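>>> Pasting a predicted model and its sequence here:
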Amino acid sequence: MSRDFIYSGSPAHIVFGDGKSALAGEWIEKLGCKRALVLSTPQQKADAEALAVRLGSLAAGVFAGAVMHTPVEVTERAMQVVREIEADCVVSLGGGSTTGLGKAIAYRNDLPQVVIPTTYAGSEVTPILGQTDGGRKTTVRHERILPEVVIYDPTLTLGLPVGMSVTSGLNAMAHAVEGLYARDRNPISTLMALEGLRAFKTSLPEIVKSPRDARARSEALYGAWLCGSVLGTVGMALHHKICHTLGGTFDTPHAETHAIMLPHTAAYNALAETELLAPVAQMFGGSVGNGLWNFAKEIGAPMALKDLGLSEVDLDRAADIAVENPYWNPRPIDRASIRKLLQDAWEGRPPA
Ligand code: NAD
């Protein structure tokens with residue numbers, strides 16, 4: 001088939017390297033800002049406060065209340081602080097939850113964002129915000145949401161617990177796998193997806209063996225940037241729909257859910273897109289689904305939805321929700337196949 005695509009490059013500045021978070025102040029000034037609000041989760045409050053001390057007069061305050069799924073009531077509390085301290089930018093230090101809060105603020109008042117990611121979730125390079133209101137999760141895509149500056153400093157990930165490194169890495173890999181068969185994929189998104197998968201394939205087993213291996217940590221964060229960029233550029237399909245259903249309705253943890261579902265959804269779509277997914281089969285060995293499943297098992301990922309607190313009786317409802325208003329998918333989605341796929345994932349069996 002002859003080539004046919006649209007490519008739009010992201011306008012964000014990406015700064016990558018060990019120790020580069022020390023440049024946060026410089027980037028705040030380059031953005032023309034003087035009063036940053038530093039954001040984090042309660043668990044990373046001490047790191048956020050230390051960063052604020054290093055920023056000196058450029059930091060006007062710290063808000064350490066970020067939580068998973070960006071509830072609007074938390075955003076409103078943070079917005080109150082933004083107004084009180086007259087913040088003119090936000091610095092988000094943490095994983096997808098903290099980045100989500102920074103994005104939610106920027107969506108409302110267009111404040112520039114500097115993000116310093118400490119997990120592999122990839123949210124920092126997407127113009128997408130998922131937020132919850134009264135228990136309902138909605139997603140918006142807007143140019144105001146895309147962070148202006150991302151500083152990837154692998155030294156900040158040396159202490160990311162091994163379990164979280166594994167699930168967060170598989171979460172990122174799911175963006176890449178779905179990017180390979182995305183309807184709106186382009187040559188750059190495909191290159192980034194394959195290079196991102198390669199980076200995680202080599203680095204995650206090394207991190208499991210030796211969590212403070214600086215080279216492996218750098219490689220994994222590089223993979224996170226690549227896979228996140230794919231998520232920010234092209235549309236996602238069945239895998240992300242199922243994970244949003246499970247997370248949104250049954251409150252299963254984000255990265256773990258992605259980690260468990262990836263081999264199953266990839267196997268499902270490999271039947272329709274054998275050629276596009278052939279490099280994944282080659283990289284991980286065997287078939288696409290089994291290769292990814294064996295890789296996840298080898299690095300100690302959670303393998304069964306039942307271990308995330310999801311009960312078997314919920315699978316019928318999960319299948320119903322997953323097939324209603326489906327995202328575009330390369331293989332037609334039928335309820336019986338999705339119900340079967342969920343059963344395999346629930347029991348922790350390899351994909352059919
Ligand atoms: P997270 O941000 O919730 O982090 C999990 C926990 O780990 C938190 O307590 C955090 O403080 C802690 N943590 C983070 N980095 C650490 C480190 N280096 N060392 C020790 N502890 C650390 O988890 P996540 O998986 O990064 O993000 C999940 C959230 O991101 C979800 O709400 C998800 O919907 C969102 N997300 C959004 C997008 C998007 O494009 N909009 C993409 C991916 C994820």
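Looks like it arrived, so ask away.
>>> Mind telling me which residue of the stretch 151-300 of the chain is nearest the ligand?
residue 160 (3.8 Å; C-beta to the nearest ligand atom). Just so you know, the C-beta spots here come from the backbone N, C-alpha and C atoms, and that holds for glycine as well.
>>> That residue: what's it in contact with?
118-119, 168, 211 (C-beta atoms under 8 Å, 6 or more residues apart in numbering).
>>> chain center to the helix or strand of the chain with the lowest mean pLDDT, what's the gap?
Within the chain, no helix or strand scores below strand 136-141, which has a mean of 88 by mean pLDDT, DSSP states H and E. Between the mean C-alpha point of strand 136-141 and the mean C-alpha point of its chain there is a distance of 15 Å (C-alpha atoms, centre = their mean, to the nearest Å).
>>> That strand - contacts with which helices or strands?
strand 128-133, helix 238-250 (3 or more C-beta pairs under 8 Å, 6 or more residues apart in numbering; DSSP states H and E).
>>> And for the residue in the stretch 51-200 of the chain that the ligand sits nearest to, the neighbour number?
Closest to the ligand within the stretch 51-200 of the chain is residue 96: 2.0 Å, counting by C-beta to the nearest ligand atom. Residues contacting residue 96 under the criterion other C-beta atoms under 10 Å number 27.
>>> Who are the contact partners of it?
Contact analysis of residue 96 by C-beta under 8 Å, 6+ apart lists 119, 121-123, 254.
>>> cutoff 6 Å now
Going by C-beta atoms under 6 Å, 6 or more residues apart in numbering, residue 96 touches 121, 123.
>>> And for the one 5 residues further on?
Residue 101 sits next to 39, 66 when contact means C-beta under 6 Å, 6+ apart.
>>> check which helix or strand covers it.
helix 96-109 (DSSP states H and E).
>>> Only the buried residues of that helix, if you could.
96-107 (16 or more other C-beta atoms under 10 Å).
>>> Export those residues to a markdown table and append columns for pLDDT.
Formatted as a markdown table, those follow (pLDDT from 0 to 100):
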| residue | pLDDT |
| --- | --- |
| 96 | 97 |
| 97 | 97 |
| 98 | 98 |
| 99 | 98 |
| 100 | 98 |
| 101 | 98 |
| 102 | 98 |
| 103 | 98 |
| 104 | 98 |
| 105 | 98 |
| 106 | 98 |
| 107 | 98 |
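>>> quick one: the residue of the stretch 51-200 of the chain closest to the ligand from residue 168, how far?
9 Å (C-beta to C-beta, to the nearest Å).
>>> shared neighbours of these two, anything?
residue 121.
>>> Counting neighbours, what do you get for residue 317?
12.
>>> I meant to write residue 71 there.
21.
>>> what's the closest non-adjacent residue to it?
Of all residues not flanking residue 71 in the chain, residue 132 sits nearest, at 5.0 Å (C-beta to C-beta, 6 or more residues apart in numbering).
>>> which residues does that neighbour bridge with?
Beta bridges link residue 132 to residue 71, residue 137, judged by DSSP bridges.
>>> Return the residues in contact with residue 149.
13, 27, 114.
>>> State the distance from it to residue 116.
9 Å.
>>> residues contacting the residue nearest the centre of the chain?
Nearest residue to the geometric centre of the chain (C-alpha atoms, centre = their mean): residue 121, 2.6 Å. The contact partners of residue 121, by C-beta under 6 Å, 6+ apart, come to 95-96, 168, 171.
>>> So residue 93 lies in a helix, does it not?
No: the assignment for residue 93, made by DSSP: H, G, I helix; E, B strand; the rest coil, is strand rather than a helix.
>>> coming back round to it: mind giving me a markdown table with the contacts of residue 160 and columns for secondary structure?
As requested, the contacts of residue 160 are arranged in a markdown table below (three-state DSSP):
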| residue | secondary structure |
| --- | --- |
| 118 | coil |
| 119 | coil |
| 168 | helix |
| 211 | coil |
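>>> With distance to the ligand added, can I get these in CSV?
Shown next, in CSV, are the contacts of residue 160 (distance: C-beta to the nearest ligand atom, whole Å):
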residue, distance to the ligand
118, 4
119, 3
168, 5
211, 11
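>>> how about the strands in this structure?
13-16, 36-39, 59-63, 89-94, 113-117, 128-133, 136-141, 149-152 (DSSP state E).
>>> can you tell me which of those strands the model trusts least?
Mean pLDDT across the strands of the chain is lowest at strand 136-141; the value there is a mean of 88.
>>> Can you point out the buried residues in that strand?
For strand 136-141, using 16+ other C-beta under 10 Å, no residue counts as buried.
>>> angle of that strand against strand 128-133?
For strand 136-141 against strand 128-133, the angle by axes from the mean of the first three to the mean of the last three C-alpha atoms, to 10 degrees is 150 degrees.
>>> Cool, thanks, signing off.
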